[in-house]
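Visitor: here is a sequence together with a model predicted from it:
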Amino acid sequence: MNTIIRQKNRKEPGINYSKIEKQSFIEKMHVLLDLFIVSGAFVSAYWIKRSLLPGELAGLSTAPNYYLMLAQSSVTWLIAEKIFSPNRNFYRQTVFSIITDLIKMIAAVAVLLIVTDFMFKIDTSRLLLLLFCGLAFTFLFASKGAILYIYRKHFEKDSNRMNVLIIGTRGRAKQVIEHINKNKRHYKIIGCLDTDRELTGTEVIKDIKNIGTIEDIKTITLHNTVDEVIFAMPLKKIEGVDIYILLLEMLGIHVRIIPDWYINSTAFQPGISTVSYDDFRGFPTMLLSANNHNQVNRLFKNIIDISAAAVLLTLLVPFFAITALLIKIFSPQGHVFFKQERMGLNGRKFSICKFRTMVPDAEDRLAELKLMNEADGPAFKISNDPRIIPYIGKFLRKTSLDELPQLLNVLRGEMSLVGPRPPLPAEVEEYDLWQRRRLSMKPGLTCIWQIKPNRNDLSFNEWMSLDLNYIDNWSLGLDFSILARTALVVLGAQGR
């Protein structure tokens, strides 16, 4: 069977453009930050030399054009950035390497400035140059040290590491494990699978065991958080490999194939996944991605989510206080907030926070209302639910304002402003395989389902199809459109 590769944009084969674009964008942003800091260091040095130093050390001549010198220092810094590229693979840096790079770059900038001043006979204060270099080093080291600290703190949490399942237990698999162990901060190996049942339970490499056979992959991926599956054995040795890869694609799990150039006989769904060759920390792999979105736009989405959540939470403090008071007035026995475990990205469990809109024993009374369920599939919905708190509860549900505390989940990075709504674990257990792929994107505060007319009359399968359509066609423009239309839905009180 010939593999049909969907190409949204015709580009050179063998290159993962999305990842290159993301890395290039991050490096450019880092360069811009450095340039801003260097300019700030020059302005600070000028101010200190002119006004703060004691006695004869203070003051500056009016001969040089200091605006021109500021531009000169910025250009020389950009030249040094181009030569030394200190921001490439920044995640691998150590404090010592940062100090070494900064010393080399600032020395190069100082030499370039001195040579340029000599050639054009510019009389520059040596003390001003010394202050500039010292401040530039201090500010840049503080900036890069803070970024590196935040980056490492981010990956100290297990929830921020990539959970990897490896197919294979022999030479190629061991080589991949050893490579991953060099990047333990970013990856966690769940275990290995092989084709031989007798190898189950054996140790592949220290602390990494064979946890089953390829036939167990469905059970393992459904009951564990798995972000990527790496095929580290020849695909031709796996009977029915196309079925397993199709299964993983349907679940929305990335498939990474260590090349043995057997991909031409492997089937994958061009309507779901895209194929690219990807550099896996210096190790060449083939990546099948079920949501291969523009990585720069995804980065912007995360920045917008966190920034907007922080601003909105600050502005909504009075509304939160009034709502909390009203909930306690109409239902004094319960808490103001309702917390519930939900499923997030690739099955990560987290606790969402909502304003409580039901009586305290609502969960206990669910069983007696099961027969009144008006929704098909695993979801539960009824109109005129008797468990809803009078007045304030109905108002919050009608306007969907009970969801606003989930801005805290957005701020924590567990949710996004827009995305498929986070399901209950019990609901996910009843999903068909194709429905599991909605977990391949971070859940959202609002979604395309919530802006549909008569949304409560849609079938469960229609709801799932809307979410998958959103994932497949996601863009920043689509998110802004959904947010704008959500505001209209809130004003129209179309909730239930």
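Guide: Done, it's in.

Visitor: quick one: distance of the host helix or strand of residue 320 to the chain centre.
Guide: Assigned by DSSP states H and E, residue 320 belongs to helix 317-330. Remark: helix 317-330 is offset 33 Å from the chain centroid, using CA atoms, centre = their mean, to the nearest Å.

Visitor: which outside residues touch the next helix or strand after it?
Guide: Helices and strands here follow DSSP H and E; after helix 317-330, the next one along the chain is strand 337-343. Applying CB atoms under 8 Å, 6 or more residues apart in numbering, the external contacts of strand 337-343 come out as 349-358, 405, 422-425, 428, 439, 443. C-beta coordinates here come from the backbone N, C-alpha and C atoms, glycine included.

Visitor: hmm, back to that, got the angle between the helix holding residue 320 and strand 337-343?
Guide: If you take axes from the mean of the first three to the mean of the last three CA atoms, to 10 degrees, helix 317-330 sits at 110 degrees to strand 337-343.

Visitor: tell me the buried residues in helix 317-330?
Guide: 320, 323, 326, 327 (16 or more other CB atoms under 10 Å).

Visitor: where in the chain is pLDDT low?
Guide: Residues of the chain meeting the criterion pLDDT under 70: 1-24, 61-63, 87-89, 260-275, 290-294, 364, 367-381, 383, 493-496.

Visitor: tell me which element residue 124 is part of?
Guide: Going by DSSP H and E, residue 124 is not in any helix or strand.

Visitor: how near is it to residue 453?
Guide: 69 Å (CB to CB, to the nearest Å).

Visitor: quick one, which of the two is more surrounded?
Guide: Between residue 124 and residue 453, counted using other CB atoms under 10 Å, the more crowded position is residue 124 (20 against 9).

Visitor: which residue, other than its chain neighbours, is closest to the more buried one?
Guide: residue 117 (4.8 Å; CB to CB, 6 or more residues apart in numbering).

Visitor: measure the one you found to residue 388 for me?
Guide: If you go by CB to CB, the gap between residue 117 and residue 388 works out to 75 Å.

Visitor: and these two? Which one has more around it.
Guide: Legend: neighbour count by other CB under 10 Å for residue 117 and residue 388, higher for residue 388 (19 against 16).

Visitor: not counting its neighbours along the chain, what's nearest residue 116?
Guide: The nearest residue in space to residue 116 (CB to CB, 6+ apart) is residue 72, at 6.4 Å.

Visitor: wait, isn't that neighbour in contact with residue 109?
Guide: No - Residue 72 sits out of contact with residue 109 when judged by CB atoms under 8 Å, with a separation of 9.9 Å.

Visitor: now for the strand or helix carrying the residue nearest to residue 116, which elements pack on it?
Guide: Here residue 72, judged by DSSP H and E, is contained in helix 66-84. Using 3 or more CB pairs under 8 Å, 6 or more residues apart in numbering; DSSP states H and E as the contact test, the elements touching helix 66-84 are helix 17-47, helix 95-119.

Visitor: give me the number of residues near the spatially closest residue to residue 324 that is not a sequence neighbour?
Guide: Leaving out its chain neighbours, the residue that sits closest to residue 324 by CB to CB, 6+ apart is residue 336, at 4.4 Å. Neighbours of residue 336 under the rule other CB under 10 Å: 15.

Visitor: where along the chain do the strands fall?
Guide: With DSSP state E as the criterion, the chain has strands at 162-167, 187-194, 203-205, 208-213, 228-231, 254-257, 274-280, 283-289, 337-343, 349-355, 416-418, 444-446.

Visitor: distance to residue 86 and mean neighbour count added to these, as CSV?
Guide: Listed next are the strands of the chain as CSV, based on distance: least, CB to CB, whole Å; neighbours: other CB atoms under 10 Å:
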stretch, distance to residue 86, mean neighbour count
strand 162-167, 26, 22
strand 187-194, 25, 21
strand 203-205, 34, 16
strand 208-213, 34, 19
strand 228-231, 30, 26
strand 254-257, 29, 23
strand 274-280, 20, 19
strand 283-289, 24, 20
strand 337-343, 40, 16
strand 349-355, 36, 17
strand 416-418, 32, 25
strand 444-446, 37, 25
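
Visitor: let's have those strands in JSON lines, adding distance to residue 46.
Guide: Shown next, in JSON lines, are the strands of the chain (distance: least, CB to CB, whole Å):
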{"stretch": "strand 162-167", "distance to residue 46": "46"}
{"stretch": "strand 187-194", "distance to residue 46": "47"}
{"stretch": "strand 203-205", "distance to residue 46": "57"}
{"stretch": "strand 208-213", "distance to residue 46": "57"}
{"stretch": "strand 228-231", "distance to residue 46": "51"}
{"stretch": "strand 254-257", "distance to residue 46": "51"}
{"stretch": "strand 274-280", "distance to residue 46": "43"}
{"stretch": "strand 283-289", "distance to residue 46": "48"}
{"stretch": "strand 337-343", "distance to residue 46": "52"}
{"stretch": "strand 349-355", "distance to residue 46": "49"}
{"stretch": "strand 416-418", "distance to residue 46": "42"}
{"stretch": "strand 444-446", "distance to residue 46": "47"}
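
Visitor: and of the ones you listed, who's closest to residue 77?
Guide: Residue 77 sits nearest to strand 274-280 of all the strands of the chain, at 28.6 Å, using CB to CB.

Visitor: for residue 491, see how far away residue 310 is.
Guide: Residue 310 is 24 Å from residue 491, by CB to CB.

Visitor: the more surrounded of the two?
Guide: Comparing residue 310 with residue 491 by other CB under 10 Å, the one with more neighbours is residue 310, at 13 against 9.

Visitor: look up the closest residue to that one, ignoring the ones flanking it.
Guide: Residue 310 sits nearest to residue 411 (CB to CB, 6+ apart), 6.1 Å away.

Visitor: distance check, that neighbour against residue 309.
Guide: 4 Å.

Visitor: same check, this time on residue 361
Guide: 32 Å.

Visitor: who has more neighbours, these two?
Guide: When neighbours are counted by other CB under 10 Å, residue 361 and residue 309 differ, and residue 309 comes out ahead with 22 against 11.

Visitor: and the more buried one, what is it in contact with?
Guide: So residue 309 contacts 407, 408, 410, 411, 417 (CB under 8 Å, 6+ apart).

Visitor: do residue 175 as well
Guide: Residue 175 neighbours (CB under 8 Å, 6+ apart): residue 232.

Visitor: what's the distance between it and residue 182?
Guide: Distance from residue 175 to residue 182, by CB to CB: 12 Å.

Visitor: picking that back up, nearest approach to residue 302 belongs to which of the strands of the chain?
Guide: Nearest of the strands of the chain (CB to CB): strand 416-418, 7.8 Å.

Visitor: strand partners (parallel or antiparallel) of the closest one?
Guide: Applying DSSP bridges, strand 416-418 is found paired with strand 444-446 (parallel).
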